[in-house]
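Novice: Okay, predicted coordinates and the sequence, questions at the end:
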Amino acid sequence: MTISKKIVLIGHFGVGKTSLIRRFVENTFTEDYKVTIGVHISKRTINISENEDISLIIWDLEGQDDIKKTRPSYLLGTNGFIYVFDLTRPVTFEHLNAELAFLKENFSTVPVKVVGNKVDLVNKIYLKEHSEQFDNVVDYFVSAKTGSRVEKLFAKLAQDLI
Amino acid sequence: MLQELKDKYHKNNFQYILVDDLGIVLEQDQPILPTIIGEKIQDIHPFFEILTHLLPTTNESFEFSCINLDFNNQEPLVVDVTLKTHNNNNLVIIENLTKHYNNYQLTAQTRNESIINSQILVLKNEYLLEKETFKNNFIANFSHQLRNPITASTIFSDLLINSNLNDEQKNYLEIIQSANKDLKQRIEDILDISKIESGKLILVSKVFNLKELLKNIEVIYNYLASKKGLSFKLEIGEKVPTFVEGDQYRLKQILANLLTNALNYTSKGHIHIKVSHNHTRANKVNLHFEVEDTGCGIAEENLKSIFDRFTKIETGEEQTGVGLGLAIVKYLISEMQGNIKVESKIDKGSTFIFNVSFKASNYTQDQKEALLNNQLPELKQKYNILLVEDSEIIQLSILKILASTGLFFINIISDGEAVIPNLVDQKVDLILLSNTIQGYSASNLSASIRSLSKEYKKTPIIVLSTQGYKDDIKRYKKNGINDVLVKPFDKHKLLESIKKHLK
């Protein structure tokens, strides 16, 4: 049996939302940055138990510096959110709590995974220095480039959706 | 006619698809999307999976703009989609806006890239500043740690040279003294560079006797040149004024650096220094300096980088230094509103030419004499000195110097707590106060001493400091400290300061 769930990736522009999806769906990565406008939708089906598949319909939204600017129609029927920020650019995570509060207020029952992307570009000391901002908020530090914890992120979210 | 044309162009950009409540295509017109009647629209592209969520509603309208639809073997489409739900009769309207959105994408690409690049530049700048601050602090702290041992080493070798030594021992000691001097110079250079980079190097402006400064330099370098078998000549132009106002220490540093280089790189011939008057305008005296040698010269490809930090020219001969001297020289000259250049030929020699400006001084003959006669008076009675210092080697060094004059009674304490009781018990004429006493800052101790009694409000306090920045010295003076001796200091400086304040 296959069930279908809509997952929306949101966050600032240039944080690597498209790259994360390409890593997850096609297992590819490129350093080139192409700005997403509007939304791209892709799909990957994963097996979650012996007789059960889940079809993830992944919406890759154009980056916004403020979550409130997102077109409301894109968020209709969302089953899970992935909030992505860029670990190397503080401007993409300085309002993390306010952004997450917006989701909590408007989509109180929808699970959210918070991920810091580009973990390959920072070291442990850097993560420790920012621990106050990241602890208890961030679910995964991932890298679309190396693939680190990308599979795990989607698998865990899929588990949470059934 | 108009309607006909409108239909033609309008139709090509729109596709109307009728689907039932499950999303099965019932009817469609223009083929923008490759739909097939009887198939589920959700199977065409995952975007349409949204219908599963929306179709149960009736008489609603949903609009989705800028949807990127990728199909195999087809140019990607960017469309706006409108969904109008009716009972088992739902209309999907697709408007093809690919061209419009592709143009918009190019604009967004440029805008986002430029925003991200500027954010990255700000971050890089912050990172560099942090690194710079760390480096400067490290240098300041490190040099701070080195000052006590160098002071002791300098003072003891100075004391030792006057004791009973045989010739071999004297030779060894002279090597130690010269190494001490070098070490001190290296630390000063590193500190200067760090001060320059953090904008803390500030030139002082005081009237000084330029000709006397030049003559002193002549005496030293004439001696050093003759030791290497070189001839030395100083030429001072007729119009060069005797007195000018500026930073004599830094001018001396510039000349000493250039002359030391000339000595290092010259094995035969001469070293000449020429000073002439360029002009005096708006109360500023502009002077021209040339330092010429007949040394190994500098290859043309090295001339450009010679004033950079850590640049040392390979000549095959052994030279000393870490390559900071000329970078400091260039900076100091630019601070004196001047510039420096070098002319050089391999195996013929080099000439460093620079101009600097000083304030013109209107000292009269009487004032000149007063300045020249402003020597320190000899002390005629014995004074009580309290030395507060926790470093044993510095204690011993100072004790030796003061005892050698026979002019002072010295009391030494190394514990900050004992200072005040000690002052209450006995009369003290001058206090030497280290800045490294554990648990006590020199400024706070000085404030406590000042508040002790009327008498101690005026007792000279000289701080022996490992911190030599201008800010530190300013802070000390603000706290009622009369003078600051920055370690490493030598016998002469210590006695000069003590005598000045006991006058």
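Specialist: Yep, that arrived.
Novice: in chain A, which spans are strands?
Specialist: Using DSSP state E, the strands found in chain A span residues A:2-10, A:39-49, A:52-61, A:80-86, A:112-117, A:140-141.
Novice: which one of those strands has the most crowded surroundings?
Specialist: Mean neighbour count (mean count of other C-beta atoms under 10 Å in any protein chain shown) peaks for strand A:80-86 among the strands of chain A, with a mean of 25. C-beta coordinates here come from the backbone N, C-alpha and C atoms, glycine included.
Novice: pLDDT weak spots in chain A?
Specialist: Nowhere does chain A drop to pLDDT under 70.
Novice: ok and the residue in chain A nearest chain B?
Specialist: The nearest approach of chain A to chain B comes at A:Gly38, 2.5 Å away (C-beta to the nearest C-beta).
Novice: show me the contacts for that residue.
Specialist: With contact set as C-beta atoms under 8 Å, 6 or more residues apart in numbering or on different chains, A:Gly38 has these partners: A:Glu62, B:Ser65, B:Cys66, B:Ile67, B:Asn68, B:Val78, B:Tyr101.
Novice: So what touches the helix or strand hosting the third one?
Specialist: The one in question is B:Cys66. Using DSSP states H and E, B:Cys66 falls within strand B:60-69. For strand B:60-69, the external contacting residues (C-beta under 8 Å, 6+ apart) are A:36-41, A:62, A:71, A:73-74, A:76, B:33, B:45, B:47, B:50, B:54, B:76-85, B:97, B:101.
Novice: Let me see the mean pLDDT of it.
Specialist: Averaging pLDDT along strand B:60-69 yields 95.
Novice: Pull up the pairing partners for that strand, direction included.
Specialist: Using DSSP bridges, the strands paired with strand B:60-69 are strand A:39-49 (parallel), strand B:77-85 (antiparallel).
Novice: nearest residue to the residue of the stretch 1-150 of chain B found nearest chain A other than its sequence neighbours?
Specialist: Going by C-beta to the nearest C-beta, chain A is nearest to B:Cys66 of the stretch 1-150 of chain B, at 2.5 Å. Nearest non-adjacent residue to B:Cys66, counting by C-beta to C-beta, 6 or more residues apart in numbering or on different chains: A:Gly38, 2.5 Å away.
Novice: still on that earlier bit, now the strands of chain A as TSV including distance to B:Glu132?
Specialist: Compiled in TSV, those are given as follows (distance: least, C-beta to C-beta, whole Å):
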stretch	distance to B:Glu132
strand A:2-10	38
strand A:39-49	43
strand A:52-61	40
strand A:80-86	25
strand A:112-117	28
strand A:140-141	29
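Novice: Out of those, which is closest to A:Lys156?
Specialist: A:Lys156 lies closest to strand A:112-117 among the strands of chain A, at 7.1 Å (C-beta to C-beta).
Novice: Enumerate the residues of chain A near chain B.
Specialist: For chain A, the residues in contact with chain B (C-beta under 8 Å from any C-beta of the partner chain) are A:4, A:6, A:13-14, A:33-43, A:57, A:62-63, A:71, A:73-74, A:76-77, A:88-91.
Novice: rerun at 7 Å
Specialist: Residues of chain A lying close to chain B (C-beta under 7 Å from any C-beta of the partner chain) are A:4, A:6, A:13-14, A:33, A:35, A:37-43, A:57, A:71, A:73, A:76-77, A:89, A:91.
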